[in-house]
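Participant: Here's a sequence, model it:
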Amino acid sequence: MRRRDRERLVMAVAGFVAIAMVTPEATADTPRFRSLSGSLEKTCAITESGEVWCWGEISRFGFGSSRPARLPSPKRFSEVDGDFGNACLLGLDGRVYCIGYDDFGIRPAGSSAGPEIRRTPSLLTRGPLVESLQFRDMSSTGVAVCAVGDDGSIWCWGRNEQGVFGNDRESGDRVDVDSPSRVLSNVHFVDVEVGRKHACGLSDVGAAFCWGTNHKGQLGDGSTTDRFVPAPVSGDHRFRSISIGGVATCGVTLDGEGLCWGHNRQFGLGDGTQTDRRVPHPVSGNHRWKSIERFTSGACGLTENGRAWCWGEGTQGMLGTGDIGQPGIADRHFLIARVPSAVVGDHVFSTLTVGYDHACGLTTDSEVWCWGGNAVAQLGVPRSATRNSGSPVRVQLP
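Facilitator: Coordinates of the predicted model:
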């Protein structure tokens with residue numbers, strides 16, 4: 001999943017649906033979004049005032065249906081991220097809250113009960129060593145969550161699968177509710193991105209550090225050696241954003257160059273080849289990128305002029321080229337783009353995000369458009385309206 005740049009802008013997309021549809025006019029009550037976050041088969045958006053709206057597979061959250069719905073919470077948030085059956089949110093108060101399945105040791109005070117489903121955002125309890133910290137950035141995979149403190153330290157909760165906690169332990173740790181784990185580094189971080197098998201952080205000068213599993217070179221240090229504490233990414237690059245998906249990583253430098261590294265199955269690094277890269281390698285096309293968001297076998301990026309491009313192996317039309325691709329395993333549709341291919345439609349986006357088989361974008365006038373699979377209404381329209389779409393569809397807000 002969730003992935004975002006250091007300015008916390010997230011992606012937006014536009015297009016048309018394959019069947020006739022009346023596009024609702026914006027009203028004074030229509031929420032104005034400033035960021036998006038996609039994961040698996042759901043998307044969430046945060047308004048300018050910090051309210052959270054979600055659509056798609058959100059039944060475990062206890063609100064909403066097939067249409068976008070507002071999280072019923074008086075709290076206000078700056079970020080939302082997650083995967084599988086839960087999501088975590090960074091509050092404007094600098095604390096981390098989670099909703100859905102309890103995979104992070106959230107318990108009622110004094111309770112020793114096992115995991116449960118939380119229907120409202122619950123404070124992710126912090127131990128005494130970090131009680132005074134205010135967090136400035138957050139990333140969650142659904143089984144682990146990491147957050148950057150205002151002192152530049154990174155703290156993680158949940159499960160340390162494949163060493164993503166960066167605490168010099170390989171795997172298997174389920175951190176106790178009172179014992180969040182600190183990433184072992186003296187680097188002053190401002191951003192963290194956590195994947196299922198590796199994680200990366202950006203320093204205050206834009207230097208990238210990664211840790212975790214490295215069998216495909218996804219840590220970008222020139223080797224395939226696993227690292228369980230942060231190791232610098234090769235090259236004298238300075239990044240504005242970084243994104244993790246599958247066993248690959250992409251980043252955008254301060255001057256707008258797109259670089260990717262790791263596993264290159266199905267052209268997922270966007271360089272026209274299927275050669276794995278152990279160090280950052282340029283994305284084809286000489287584009288000047290604003291952000292790049294990875295999914296499992298590819299990525300979508302936003303150029304500095306607001307245009308969206310996607311590449312790699314897309315499922316159910318998520319490359320946004322107007323085609324849903326050819327039927328594959330279990331009747332899913334697959335499409336391959338060897339290099340960045342333009343998302344159709346004359347749209348200008350401020351930010352974009354990706355899930356497992358869908359992508360969404362936010363236009364400069366706060367419209368949200370999504371494309372790809374729609375099995376659980378993750379495009380923000382009823383499944384009865386469209387099953388999947390290779391072209392952007394406008395999300396139907398109340």
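Participant: Can you tell me, leaving aside adjacent residues, what's nearest to residue 51?
Facilitator: residue 70 (5.9 Å; Cβ to Cβ, 6 or more residues apart in numbering). C-beta coordinates here come from the backbone N, C-alpha and C atoms, glycine included.
Participant: Let me see the contact set for that neighbour.
Facilitator: 31, 51, 52, 53, 63 (Cβ atoms under 8 Å, 6 or more residues apart in numbering).
Participant: Closest to residue 91 out of these?
Facilitator: Of all the contacts of residue 70, the one with the least separation from residue 91 (Cβ to Cβ) is residue 52, at 10.6 Å.
Participant: for the closest one, what are its contacts?
Facilitator: Taking Cβ under 8 Å, 6+ apart, one finds 44, 45, 46, 70, 71, 73, 77, 80, 89 in contact with residue 52.
Participant: Roughly how far does the fifth one sit from residue 258?
Facilitator: Which is residue 71. 33 Å (Cβ to Cβ, to the nearest Å).
Participant: So between these two, which is more surrounded?
Facilitator: residue 258 (29 against 23; other Cβ atoms under 10 Å).
Participant: if I pick the more buried one, what's in contact with it?
Facilitator: The neighbours of residue 258, taking Cβ under 8 Å, 6+ apart as the test, are 250, 251, 252, 270, 282, 283, 287, 289, 292, 301.
Participant: partner residues bridging the second one?
Facilitator: In this structure, residue 251 has the following beta-bridge partners (DSSP bridges): residue 242, residue 259.
Participant: Report whether the expected contact of it with residue 207 is present.
Facilitator: No. Look at residue 251 against residue 207 with Cβ atoms under 8 Å: they stay out of range, at 10.9 Å.
Participant: So which of those two has more stuff around it?
Facilitator: residue 251 (30 against 16).
Participant: Got the confidence number for that one?
Facilitator: Looking at residue 251, its pLDDT reads 98.
Participant: what sits in contact with each of residue 251 and residue 207?
Facilitator: Counting by Cβ under 8 Å, 6+ apart, the contacts common to residue 251 and residue 207 are 233, 237, 239.
Participant: now, which of these lie within helices?
Facilitator: Of the shared contacts of residue 251 and residue 207, none are assigned to helices by DSSP state H.
Participant: and which of those is nearest residue 122?
Facilitator: Of all the shared contacts of residue 251 and residue 207, residue 122 sits closest to residue 239, with 32.8 Å by Cβ to Cβ.
Participant: In contact with the closest residue in space to that closest one that isn't next to it in sequence, which residues?
Facilitator: Leaving aside its sequence neighbours, residue 239 sits nearest to residue 251 (Cβ to Cβ, 6+ apart; 4.4 Å). Applying Cβ under 8 Å, 6+ apart, one finds that residue 251 lies in contact with 208, 233, 237, 239, 241, 242, 243, 258, 259, 260, 280, 292.
Participant: For residue 281, which residues count as its bridge partners?
Facilitator: The partner residues for residue 281, given DSSP bridges, come to residue 260.
Participant: That one touches residue 271, doesn't it?
Facilitator: Yes. Counting by Cβ under 8 Å, residue 281 touches residue 271, with 5.8 Å between them.
Participant: Which residues are in contact with each of those two?
Facilitator: Jointly contacting residue 281 and residue 271 under the rule Cβ under 8 Å, 6+ apart are residue 260.
Participant: longest strand of this structure?
Facilitator: strand 333-342 (DSSP state E).
Participant: What's the first helix or strand after that strand?
Facilitator: Remark: after strand 333-342, the chain's next helix or strand is strand 349-354, criterion DSSP states H and E.
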